[in-house]
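Participant: Sharing a model prediction with you, sequence too.
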Amino acid sequence: MEKMHIYADNAATTCVTKNVLDKMLPFFTEFYGNPSSIYKFGRDTQAAVENAREEIASCFGALPKEIYFTAGGSESDNWAIKSTALRLGAKGKKHIITTNFEHHAVLHTCAALEKQGFEVTYLPVDEKGYVTAEQVRNAIRPDTALVTIMYANNEIGTVQPITEIGEVCRENKVLFHTDAVQAAGHVEINVKEQNIDMMSVSGHKIHAPKGVGFLYVRTGVALPPLIDGGAQERGKRAGTENVAGIIGLAEAVKAATRDIPEKAKALTEKRDRLINGLTAIEGSRLNGGLENRLPGNINVSYLGVEGESLLLMLDMKGICASSGSACTSGSLDPSHVLLALGLPHEVAHGSLRLSISEEITDEEVDYILKTVPEIVERIRSMSPLWEHIKKHEDSTDKLRKFVSEIK
Amino acid sequence: MIYSEKVMDHFANPRNVGEIEDADGVGEVGNAKCGDIMKMYIKVNDGVITDVKFKTFGCGAAVATSSIATEMIKGKSIEEALKLTNKAVMEALDGLPPQKIHCSVLAEQAMKAALSDYYRRQGVDPEPIVGKIHECDDCESCH
């Protein structure tokens, strides 16, 4: 098999599709008016932005006026959490509930609020990467301002019981925000039916460009602005609209939310073929449960292997992937998500995440299934850790229970 | 994060990988929890390191620093080898990203651990000659 180029990191970002780009292009050179301007040339772009807002709202069961365009997922998360904290904190509600495996856009925002006197409950996820509505119910207090729980995890793809959590929050009259950056366009979402008060979505994970996204804010939820300035977004988010980005976002959302069950079924089959093949290697494990998992997410660990080396070697073979090893996280510790599952550092260091899209071919799946075992074997052949494990040295036996049988 | 061409070359084609069955000194440093383990084997003849092999569990920089360190001490006298610093290892690789500097420290320590083992087998206390080997119990000490 000759060298291929396989992009299997769609949870990191995606390509802008031709269709999306074509819709965007006229708004750079032809219809470049400022939507806030009074003349027709400006009003026309404003109309295009409002049309995009309507299209996006209808894909999630929301009202157009409940969609606020932002620069993406991190801004949306910061806005929802900080502004809710600011408003309700002033009324003595200084408690926030989240999980211990959120994206850093949520975790670091919560940490920033802790420094300002807020108390944050980090619900632990179970060993498969799920939190329950019951855990949320038990954590709610009279002074709880907000529950913020991700829709689907970015590393292990586990989809949380958002409908049930929404119901618990509504019953208890507590605001509920969800970071749906990884879920939107991959699972069907209806903000009304699911009792979601606020929801963050990013464009570049679903084939829109980088730097655009939105925050859904239910009518009746008062959310002070995070970015002050002009009167854009009904005075809630200042800054001249990223018109071309917004047009692209609407096109991408429409395409992504069309026929989700059919697309998910086809993608899940490829995902499971990869999971089955990649966990057939000795000393491996699947991270995150298989039930309620994003259709494109594969996350496996290989004992005795270090993730960054694995990624570099996959890159040499033309495969783009990601890992939760400390070396790739830029910190001393491996991924907080994998540690939240209870994995020892040694197992977390050897993780590999593939996030595939519908474009992946059977031939590409075959290539990955052939290449990964070769690389794992090569890395293990020069790994003192693997040597210790094989020889049952240095109390490495305790690591074996986390992975498949090692001969 | 970008690695130099030299780092990528040593990562993709590591020199002196393997074990020496009848080694005169074997040293292992690092730990699996931190994500780096280096094991070095040396063969010594008349005070000269005639052969050296290594095995490394770790990132690209960990593999590259151990690979180039083996090249830098192979054929050298023990005295010369002991002068090898992590700085020299980094320079030979045209630099390392800041968060990878500890890998070069580990490579220097692995070589020194192998030499310490050599001296111990000769019945000589290695510490006055080689110095103290950095015990890697916690990551903070490297980073």
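Facilitator: Structure received.

Participant: what's the spacing between A:Lys317 and B:Glu108?
Facilitator: Per Cβ to Cβ, to the nearest Å, A:Lys317 is found 32 Å from B:Glu108. Placement of C-beta: from N, CA and C, glycine included.

Participant: Relative to chain A, how far out is the spatially most central residue of chain B?
Facilitator: Centroid check for chain B by Cα atoms, centre = their mean gives B:Ala107 as the closest residue, at 3.0 Å. Relative to chain A, B:Ala107 is positioned 14 Å away (criterion: Cβ to the nearest Cβ, to the nearest Å).

Participant: Now do the buried residues in whichever helix or strand that residue is part of.
Facilitator: B:Ala107 is part of helix B:101-121 when elements are defined by DSSP states H and E. Judged by neighbour count using 16 or more other Cβ atoms under 10 Å in any protein chain shown, the buried positions of helix B:101-121 are B:101-119.

Participant: any weak-confidence spans in chain B?
Facilitator: Chain B contains residues with pLDDT under 70 at B:135-143.

Participant: interface residues of it facing chain A?
Facilitator: Within chain B, the positions lying close to chain A (Cβ under 8 Å from any Cβ of the partner chain) are B:1, B:8, B:11-12, B:14, B:17-18, B:28, B:32-39, B:55-60, B:62-63, B:99, B:139-140, B:143.

Participant: can you map out the helices along the stretch 251-400 of chain A?
Facilitator: A:260-278, A:307-316, A:326-329, A:336-340, A:345-348, A:362-381, A:384-390, A:397-400 (DSSP state H, counting those that start in this stretch).

Participant: Next, format these as CSV and append mean neighbour count and mean pLDDT.
Facilitator: Output for those, formatted as CSV (neighbours: other Cβ atoms under 10 Å in any protein chain shown; pLDDT from 0 to 100):
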stretch, mean neighbour count, mean pLDDT
helix A:260-278, 16, 98
helix A:307-316, 22, 96
helix A:326-329, 24, 69
helix A:336-340, 23, 96
helix A:345-348, 25, 94
helix A:362-381, 17, 98
helix A:384-390, 23, 96
helix A:397-400, 14, 94
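
Participant: now these as JSON lines including distance to A:Glu164?
Facilitator: Listed next are the helices of the stretch 251-400 of chain A as JSON lines, based on distance: least, Cβ to Cβ, whole Å:
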{"stretch": "helix A:260-278", "distance to A:Glu164": "20"}
{"stretch": "helix A:307-316", "distance to A:Glu164": "34"}
{"stretch": "helix A:326-329", "distance to A:Glu164": "31"}
{"stretch": "helix A:336-340", "distance to A:Glu164": "20"}
{"stretch": "helix A:345-348", "distance to A:Glu164": "29"}
{"stretch": "helix A:362-381", "distance to A:Glu164": "34"}
{"stretch": "helix A:384-390", "distance to A:Glu164": "40"}
{"stretch": "helix A:397-400", "distance to A:Glu164": "35"}
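
Participant: Columns distance to chain B on top of those, output as a markdown table?
Facilitator: Shown next, in a markdown table, are the helices of the stretch 251-400 of chain A (distance: least, Cβ to the nearest Cβ, whole Å):
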| stretch | distance to chain B |
| --- | --- |
| helix A:260-278 | 20 |
| helix A:307-316 | 4 |
| helix A:326-329 | 4 |
| helix A:336-340 | 12 |
| helix A:345-348 | 4 |
| helix A:362-381 | 8 |
| helix A:384-390 | 4 |
| helix A:397-400 | 8 |
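
Participant: And the strands in chain B?
Facilitator: Along chain B, counting by DSSP state E, strands occupy B:25-31, B:36-45, B:48-57.

Participant: Output the last one as PDB - backbone C-alpha positions only.
Facilitator: What follows is the C-alpha trace of strand B:48-57 in PDB, where atoms were taken according to Å, rounded to 0.1, in the frame of the first residue of the first chain:
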ATOM      1  CA  VAL B  48      37.000   3.600  26.100                       C
ATOM      2  CA  ILE B  49      33.300   3.200  25.400                       C
ATOM      3  CA  THR B  50      33.500   0.800  22.500                       C
ATOM      4  CA  ASP B  51      29.800   0.200  22.100                       C
ATOM      5  CA  VAL B  52      26.500   1.800  23.300                       C
ATOM      6  CA  LYS B  53      22.900   0.900  22.800                       C
ATOM      7  CA  PHE B  54      19.700   2.400  24.100                       C
ATOM      8  CA  LYS B  55      15.900   1.800  24.500                       C
ATOM      9  CA  THR B  56      13.600   4.700  25.200                       C
ATOM     10  CA  PHE B  57       9.900   5.000  26.100                       C
END
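
Participant: The residue nearest to the centre of chain B contacts B:Met38, doesn't it?
Facilitator: Yes. In this structure, B:Ala107 is within contact of B:Met38 by Cβ atoms under 8 Å, at 6.5 Å.

Participant: If anything else comes up later, I'll come back, but that's it for now.
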